[in-house]
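K.L.:
next one to model:
(chains A and B)
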Amino acid sequence: MTTAHLTRAQSNQRFAYSLLAPSLLLLLLLIGYPMFYNVYISFFDVPLNPKMPSLFVGLGNYLSLFKDPTFYRSLLVTISFTLLVTLLSTVVGLFTAVFLNREFVGKRWVNAIIIMSYVVPSICLIFVWKYMFNNIFGIVNYILVDILRLAKTAPLWFDKPASAFILVALFAVWRFFPYAHMSFTAILQSIDNTLYEAAEIDGATAWNKFTAITYPALKQTLATVVSLRIIWVFYIYAEVYLLSSKVDVLGVYLYKMAFATRDFGKAAAISIVLFVLIFSLIMLIRKKVFKHEND
Amino acid sequence: MKTIKRKTVNEIFFYLAVILMCSILLFTFVIMLSVAFKGAKEAISYPPTIIPAQFTLQHFKDVFNARIFPYLSYFGNSMYVSLAVCVVVVFLGILGGYALARLSFKGKKYLSETFFLVYMFSGILLIVPLFRMLSAAGLRNTREAVIICMIVQTLPTAIYMTRSYFETIPIELEEAGVMDGMSRLGLIFRIMVPLSISGLVSVFVYAFMISWNDVLFASIFLDSSALFTIPIGLNSLFNTPDYIWGRMMAASILTSLPVVIMYALSQRMIRGGLVEGGVKG
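P.N.:
Below is the predicted model of the structure:
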């Protein structure tokens, strides 16, 4: 290597660092540092008055958290919610992607309709759902009870933990399945159509075609979609909190602990537990699932 | 003959299934429109109606009337926050995306892995320290606190997206620029940026959608209703006993419009990319 090359490489390096510096500084300052600060806060009892000094309590916040039955209930709700929503939103997205993977009249419109629930701000959708599922004049209960006669009495969607759980899960599936649909559609479009035609000549059924051609092509994307959805739903806060006060997932539990109970120390401890849970999951699946993301 | 008949039947079933699916997916939006255009009493009558018996534009008039409904103030705050986030994020995305796409440097692999980890991270984990830090910095009850948090939330994805757009641009174009004696920043802003406008628009739309939708940081930092963004503003009205459904739906439609329009436009732009023209010319 000549000296000219070396200086060029060095100046490349310096230029790259200066381009990345502002972004790195922001991320360090507002994600890296707060993460450590979080650990620090979790060892303190933080008084409401910011002028009062915080009291060191060691592992006190963690001990009180692990003794709190609300925490375990919340953990259980979060895990079942995450698994249910991830499973359903992926299956629905996979089904629509495979089902609509052909030419037909109005394809662009149908795709636009599918993406609507993913694009429109969640607060707008939540208002309509609150209206549609209303106990007194809601059209959903009208259809269920008075038209289809599927239920004798109208379910009180928002007021009972079980029905609220179903309602919020349904909402999350509707909101998140377009992401799976779009990811799968992109891959399906790249599959050579002659493969399917050849399979048809050999007398393959739709299921045969799916397992022999579609699934192998989708496998990697499927793993990524499922992993990202698990991680994102595990953290969910806004949609659940705005739709019903009866579904205490960990995100809501954490938010309430910080800004309703105003126990910052314990809220920080919840954040750390949440972080450790998700981070170990990421580390566990990182090598297998996200390999191609970092090329 | 028989196979043709079977094919027609299959086609009919296919289209029926598509129509059924679309009706279910559109139901929420039909109700949104219906309630926005019907009277306040009809909205809470039983049995419910889908097509308004009496069509009214009153709710839209009310939404624009600042004396009875502070929607325009919320809209302005949301616009201010979202646009500020977009400008910063697109700019930093261009710089960082270029470094990752075109330059080799020590720690590059490590760095893109870190970005990917941050991408999977969530703001909810940091609400306590961020609230303490930004409050101590005197940013409590300011829109700037929300802007700063949303920039950090969207930045890793923005850099990732920009990098992949930049990677599609042929390196020969830059070499031509070097021949013409362009500076390194000139290469970025006079060659790469104009050629990836459609990609940068989708980064802009992504950051806008996320910021426009934010509930978490707005609800933590904003206390006075004059600073409320749309999601927390409307939600605070929802919790008062005298909200009117039609008004809420009219406001919801107006809130959805900017993102729906932006998203549709960005999809159209990606289809007609500018890169091909660049190579030929």
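
K.L.:
isn't residue A:9 right up against residue A:16?
P.N.:
No - judged on C-beta atoms under 8 Å, residue A:9 makes no contact with residue A:16 at a distance of 10.5 Å. Every residue, glycine included, has its C-beta placed from N, CA and C.

K.L.:
more neighbours: these two, which one.
P.N.:
Set residue A:9 next to residue A:16 and count neighbours by other C-beta atoms under 10 Å in any protein chain shown: residue A:16 wins out with 23 against 14.

K.L.:
show me what the helix or strand hosting residue A:174 is packed up against.
P.N.:
Using DSSP states H and E, residue A:174 maps to helix A:161-188. Applying 3 or more C-beta pairs under 8 Å, 6 or more residues apart in numbering or on different chains; DSSP states H and E, we find helix A:161-188 packed against helix A:69-99, helix A:107-119, helix A:122-132, helix A:215-234, helix A:238-243.

K.L.:
now do the shared contacts for residue A:9 and residue A:16.
P.N.:
Contact criterion C-beta atoms under 8 Å, 6 or more residues apart in numbering or on different chains; residues shared by residue A:9 and residue A:16: residue B:104.

K.L.:
and the residue of the stretch 51-200 of chain A that's closest to chain B?
P.N.:
Of all residues in the stretch 51-200 of chain A, residue A:124 sits closest to chain B, at 3.7 Å by C-beta to the nearest C-beta.

K.L.:
middle-most residue in chain B, spatially?
P.N.:
With distances taken as C-alpha atoms, centre = their mean, residue B:209 lies nearest the centre of chain B, 1.1 Å away.

K.L.:
neighbours of the nearest residue to that one once chain neighbours are set aside, how many?
P.N.:
With C-beta to C-beta, 6 or more residues apart in numbering or on different chains as the criterion, residue B:209 has its nearest non-adjacent residue at 5.3 Å, and that residue is residue B:259. When neighbours are counted by other C-beta under 10 Å, residue B:259 registers 19.

K.L.:
can you list the buried residues in the helix or strand hosting residue B:259?
P.N.:
Element membership for residue B:259, per DSSP H and E: helix B:245-271. By neighbour count with 16 or more other C-beta atoms under 10 Å in any protein chain shown, helix B:245-271 contains the buried residues B:245-256, B:258-260, B:262-263, B:266-267, B:269.

K.L.:
now stretch A:245-265
P.N.:
Buried residues in stretch A:245-265 (16+ other C-beta under 10 Å): A:246-258, A:263-265.

K.L.:
report whether that stretch contacts chain B.
P.N.:
Yes - using C-beta under 8 Å from any C-beta of the partner chain, stretch A:245-265 comes into contact with chain B via A:251, A:254-255, A:258-259, A:264.

K.L.:
so where is the stretch 1-150 of chain A shaky, pLDDT-wise?
P.N.:
Low-confidence segments of the stretch 1-150 of chain A, defined by pLDDT under 70: A:1-8, A:49-50.

K.L.:
circling back: what's the offset of the helix holding residue A:174 from the middle of its chain?
P.N.:
10 Å (C-alpha atoms, centre = their mean, to the nearest Å).

K.L.:
residues of whichever helix or strand comes after it that come out buried?
P.N.:
Scanning forward in sequence from helix A:161-188 by DSSP H and E, the next helix or strand is helix A:193-201. Within helix A:193-201, the residues that count as buried by 16+ other C-beta under 10 Å are A:196, A:199.

K.L.:
what's the angle between helix A:193-201 and helix A:215-234?
P.N.:
110 degrees (axes from the mean of the first three to the mean of the last three C-alpha atoms, to 10 degrees).

K.L.:
picking that back up, quick one: contacts for the residue nearest to residue B:209?
P.N.:
A:119-121, B:205, B:208-209, B:212-213.

K.L.:
residue A:219 and residue A:226, how far apart?
P.N.:
Look at residue A:219 and residue A:226: by C-beta to C-beta, to the nearest Å, they are 11 Å apart.

K.L.:
go ahead and confirm the residue of the stretch 51-200 of chain A closest to chain B touches residue B:256.
P.N.:
Yes - with contact defined as C-beta under 8 Å, residue A:124 reaches residue B:256; the gap is 5.2 Å.

K.L.:
what's the closest non-adjacent residue to residue 83?
P.N.:
Using chain A here. Closest to residue A:83 by C-beta to C-beta, 6+ apart is residue A:230, at 7.9 Å.

K.L.:
that's the wrong chain, I wanted chain B
P.N.:
Excluding the flanking residues, the one nearest residue B:83 by C-beta to C-beta, 6+ apart is residue B:208, at 7.7 Å.

K.L.:
residue A:17 too?
P.N.:
Residue A:17 sits nearest to residue B:105 (C-beta to C-beta, 6+ apart), 6.5 Å away.
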